[in-house]
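# Only the shape, not the letters, is given here:
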């Protein structure tokens, strides 16, 4: 028996019953994911068609000590002993990620062991989306802050400069927190996630929160170079901007 399931606006399948069980265990297919097979009149939530099949939680990262024999899964970025990773082409994948990785390959997506690097223009569009999101968020923060600091009563240059300094620090902190949270937990900012992009280390692992903060400040350096730090991504074989080179990161298509 083969099944189809909905991944956002995409229809994925057909997948065998056992493969669907693997997708449930890895969290790709959830109770509310719409599924369909021959004989069904309409698409229905997986939980109501096949029943609730709870997936075991992934092992905590602390359970795997990082040693010389430790490597990282190219998909989820968690550390594992080398003996527990499966080599598929030039990629190393853990047992939990293997079904999803192979399914994506069968669907004609990213080839085994290869990476599709995101170029200058799609990254530019992603940054525009992030800028719009941050602008709205900062307006919500800055307007009450200005009222609280009594901006209307500030008539001398020293007071205005002080307010400008406070707002600059707040905006920098919010932007840095936005970048660090989404990059370290989701693999990319909202702009990149919308466009199907992901930020990884050279070994395929996700960035930690500290590394994401460092990359954000390296990103500012790319801007201070009269934008040359961004433009060089269009001429690099792995589409690396200056901040990618500084932090040894890559921006790839997630699928």
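Yep, that arrived. As the structure is a computational prediction, the values presented were derived from the model and not from experiment.
# how near is residue 119 to residue 234?
Here the criterion is C-beta to C-beta, to the nearest Å. By it, residue 119 lies 7 Å from residue 234. For glycine as for every other residue, the C-beta is placed from the backbone atoms N, C-alpha and C.
# Phi first, then psi, for the spatially closest residue to residue 98 that is not a sequence neighbour.
Distances taken as C-beta to C-beta, 6 or more residues apart in numbering place residue 86 nearest to residue 98, at 5.6 Å, with adjacent residues excluded. Note on residue 86: its backbone torsions stand at phi -100, psi 130 [degrees, to the nearest 10].
# OK, contacts around residue 86?
92, 93, 94, 95, 98 (C-beta atoms under 8 Å, 6 or more residues apart in numbering).
# Let me see the ranges of the strands in this protein.
For the chain, applying DSSP state E gives strands covering 2-7, 10-16, 34-36, 44-45, 70-72, 79-81, 86-88, 91-93, 197-201, 249-253.
# Wait, residue 36 touches residue 43, no?
Yes: counting by C-beta atoms under 8 Å, residue 43 is a contact partner of residue 36 at 4.6 Å.
# shared neighbours of these two, which are they?
By C-beta under 8 Å, 6+ apart, no residue touches both residue 36 and residue 43.
# need the contacts of residue 86 in TSV with neighbour count, can you?
Below are the contacts of residue 86 laid out as TSV (neighbours: other C-beta atoms under 10 Å):
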residue	neighbour count
92	21
93	24
94	23
95	13
98	17
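# Leaving aside the residues adjacent along the chain, what's closest to residue 31?
residue 47 (3.2 Å).
# residues touching the residue nearest the centre of the chain, list them.
For the chain, residue 187 is the residue whose C-alpha lies nearest the centre (C-alpha atoms, centre = their mean; 2.3 Å). Contact analysis of residue 187 by C-beta under 8 Å, 6+ apart lists 77, 193, 198, 199, 200, 206, 254.
# Go through these and say which is closest to residue 5.
residue 254 (17.7 Å; C-beta to C-beta).
# what's the spacing between the nearest residue to the closest one once chain neighbours are set aside and residue 70?
Excluding the flanking residues, the one nearest residue 254 by C-beta to C-beta, 6+ apart is residue 198, at 4.2 Å. As judged by C-beta to C-beta, residue 198 and residue 70 stand 22 Å apart.
# who has more neighbours, the two?
residue 198 (20 against 14; other C-beta atoms under 10 Å).
# now the helices for the chain?
Listed in chain order, the helices of the chain (DSSP state H) span 17-25, 46-50, 98-106, 120-148, 157-186, 190-194, 209-224, 228-231, 242-247.
# Confidence-wise, which of those is weakest overall?
When the helices of the chain are compared on average pLDDT, helix 98-106 comes out lowest at a mean of 68.
# follow-up on the earlier one: quick check: the two most widely separated of the contacts of residue 187?
Farthest pair in these, by C-beta to C-beta: 77 and 193, 15.3 Å.
# sorry, back to before: name the member of the contacts of residue 187 with the most neighbours.
With neighbours defined as other C-beta under 10 Å, the most crowded of the contacts of residue 187 is residue 199; it has 26 neighbours.
# Just put the contacts of residue 86 in TSV and tack on distance to residue 242.
Formatted as TSV, these follow (distance: C-beta to C-beta, whole Å):
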residue	distance to residue 242
92	28
93	31
94	32
95	37
98	35
